[in-house]
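>>> below are the sequence and a predicted model for it; my questions follow.
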Amino acid sequence: MATLAELASLRTDLDEHSIDHLLRLTASWSLLSDLSFSDMLLMAKVDEPSNRGAENFVVLGQMRPNNRSTLLNDDLVGTTQRADAWPLVRLAFESGTMNVGEVKIDKVDEVVPVWCVPVRFGTRIVAVMVRLQGPLRGPASLYEQAYLSIFERLCSMVANATFPYREEDVAGPGMPRVGDGIILIDGLGEVEFATPNATNALHRLGIYASAEGHTLREMGLRVRVVERSLEFAIPAMEEIDRGQDVAIMFHCVPLIDHNIATGVIVLVRDVSDLRQLNRVVLNKEAAVREVHHRVKNNLQTISSLLRLQARRSDEVETRNALQEAERRIRSIAVVHEVLSREPGEEVVFDEIVRSLVLLVEDTVLALHPVEIIVNGELGTLSTDLATPLAVALAELLTNAVEHAFVDFGDNDNEQVGVVTLNLFQEGGSAVAEIRDNGRGLGEDFSLEVPTSLGLSIVRDLVRTQLHGTIEMKSVPNAEGGGTFVRVVVPTTARL
Ligand SMILES: Nc1ncnc2c1ncn2[C@@H]1O[C@H](COP(=O)(O)OP(=O)(O)OP(=O)(O)O)[C@@H](O)[C@H]1O
Ligand SMILES: [Mg+2]
């Protein structure tokens, strides 16, 4: 379905600023629809070559009330309406004033009371806002009367180009709605009336005095935005808290007449539950982040201990073993480091890859300079997949740097050691390919024979923990030589 902006620019001659004005109106007109308990339509004049001569309207927007059943089951947005079926809309365009009457609508049995409100922008009537009033359920209650009188004042503002406001949308998602509670403030700042929901909200703030006829300030409640809204005739919102547990949102919609605010509609919403939920979620996130941070610190402490111990041992073999263990622990710490910055079920694996490459580069002292090139990326991965995969990749990269280029140290060898890591997603799996241009695997090499620790770890992680596959082979010299490793890990199935 086309958006208002698309419809308007395609089918009318409205300019960008007028369209923005209409967008602002429709962003906040659920308020109008609820205050009047009515369906609303927004119509503009069609301007198309095929239509020259005949006058038609296009429906740019439609709004249903939240507090009544709708009259219009059909979606009329984008439909063309004949002008002679809507004489009052035509009149509103021509006269620039509001016209009240009746209209006959397709599929609706009775004639429907209709208000046609010209939408002025600058000096021009850019559209007509149509209110289609549903059947009344008995005489209007006091609140209904009050709502309707507010609605009327807002309609005059629409016709005078003072509503919608330039500043902001008044009733977007998450904003208070009419059902949440209304306090109507008059031009002197005194409460004209408050709905039961609004009174409840005041009670929650500890205000029990009867509101009518008093300013909020007299009742012991200071809501600066109400004062500001009245003084400067601008919409504004503010949250008032009472202790940790109560939070009430005040959303001020000034009623403007001849550039002066003659009152303020204050939409009041109890957001205590929302705030509490936010706090819990924020606390939980912070806690998870903190845990990762501590795990990372602890792992770093362990790896420093191992490093110290390695330095103290005289035996080369022991020293190497300790250094290897230190490196393995650091590659796990890398994952927790990233998680401590953005905790969650998922982690951006590419950040981890960057850190791993740096880690391998500076732990393995190759006799020959080696370049590690990373191509592609894996995007975000679930955290229970990221840690084992990171450790496996660290092992494989380390092996390539450590073992592939042992002959390259000879002075007469001009070759440059290159390790490429290709990362991509394929058919629901994360694929990592590590290729080096070194000496390749020995004749008797077999991945299945658990001789050394490094590859045993990789095998166990990839097959048992990640339910993936690993393949390792020498590349024939004709194809450049070296070793090729391919790890495939399913990302869709939960581990
Ligand atoms: N990219 C490679 N190029 C050449 N040989 C390799 C490569 N990767 C592994 N190898 C061979 O496979 C052997 C087993 O590797 P593995 O990682 O299991 O043990 P390691 O690296 O020797 O010791 P560690 O347990 O410290 O990792 C290596 O010793 C090496 O000979
Ligand atoms: Mg190894």
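Cool, the structure landed. Numbering: from 1, shown residues only. Ligands and ions are numbered 1, 2, ... in the order given.
>>> those residues of the protein touching ligand 1, which are they?
Within the chain, the residues that sit near ligand 1 (Cβ under 6 Å from any ligand atom) are 324, 399-400, 402-404, 436, 438-439, 441, 445, 452-455, 483. Just so you know, the C-beta spots here come from the backbone N, C-alpha and C atoms, and that holds for glycine as well.
>>> where's the dip in pLDDT among those?
In terms of pLDDT, the lowest of those is Ser452, showing 80.
>>> for it, what are phi and psi?
Phi and psi for Ser452, reported as degrees, to the nearest 10, are phi -110, psi 160.
>>> any idea which helix is longest in this structure?
For the chain, the helix reaching the highest residue count under DSSP state H is reported as helix 272-312.
>>> ok now that helix, how far from the chain's centre?
26 Å (Cα atoms, centre = their mean, to the nearest Å).
>>> now, the residues of the chain next to ligand 1 that are in strands?
The strands, defined by DSSP state E, take in 436, 483 from these.
>>> buried ones among the residues of the chain next to ligand 1?
Restricting those to buried positions leaves 324, 399-400, 402-404, 436, 438-439, 441, 454-455, 483, with burial counted as 16 or more other Cβ atoms under 10 Å.
>>> the helices in the chain, which residues?
Per DSSP H, the chain carries helices over the ranges 4-11, 16-35, 87-95, 142-159, 196-204, 224-232, 272-312, 316-341, 349-363, 383-403, 453-459.
>>> contact partners of the shortest one?
What that stands for is helix 453-459. 324, 328, 391-392, 395-396, 398-399, 447, 450, 470 (Cβ atoms under 8 Å, 6 or more residues apart in numbering).
>>> could I get that helix in PDB with only the CA atoms?
Taking C-alpha atoms only, helix 453-459 is exported to PDB below (Å, rounded to 0.1, in the frame of the first residue of the first chain):
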ATOM      1  CA  LEU A 453      46.800 -31.200  21.700                       C
ATOM      2  CA  GLY A 454      46.100 -28.300  19.300                       C
ATOM      3  CA  LEU A 455      44.200 -30.300  16.600                       C
ATOM      4  CA  SER A 456      42.500 -32.500  19.200                       C
ATOM      5  CA  ILE A 457      41.000 -29.400  20.700                       C
ATOM      6  CA  VAL A 458      39.800 -28.200  17.300                       C
ATOM      7  CA  ARG A 459      38.400 -31.500  16.400                       C
END
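>>> that older thread, and the buried ones among the residues of the chain next to ligand 1, which two are furthest apart?
Maximum pairwise distance among these (Cβ to Cβ): 21.0 Å, between Glu324 and Arg439.
>>> list, one by one, the residues from this structure near ligand 2.
When proximity is defined by Cβ under 5 Å from the ion, the chain lies next to ligand 2 at 399, 454.
>>> okay, and the helix or strand of the chain with the least pLDDT?
Every helix and strand in the chain was compared by mean pLDDT, DSSP states H and E; the lowest is helix 272-312, with a mean of 83.
>>> now the angle from that helix to helix 316-341?
Calculated by axes from the mean of the first three to the mean of the last three Cα atoms, to 10 degrees, helix 272-312 forms an angle of 170 degrees with helix 316-341.
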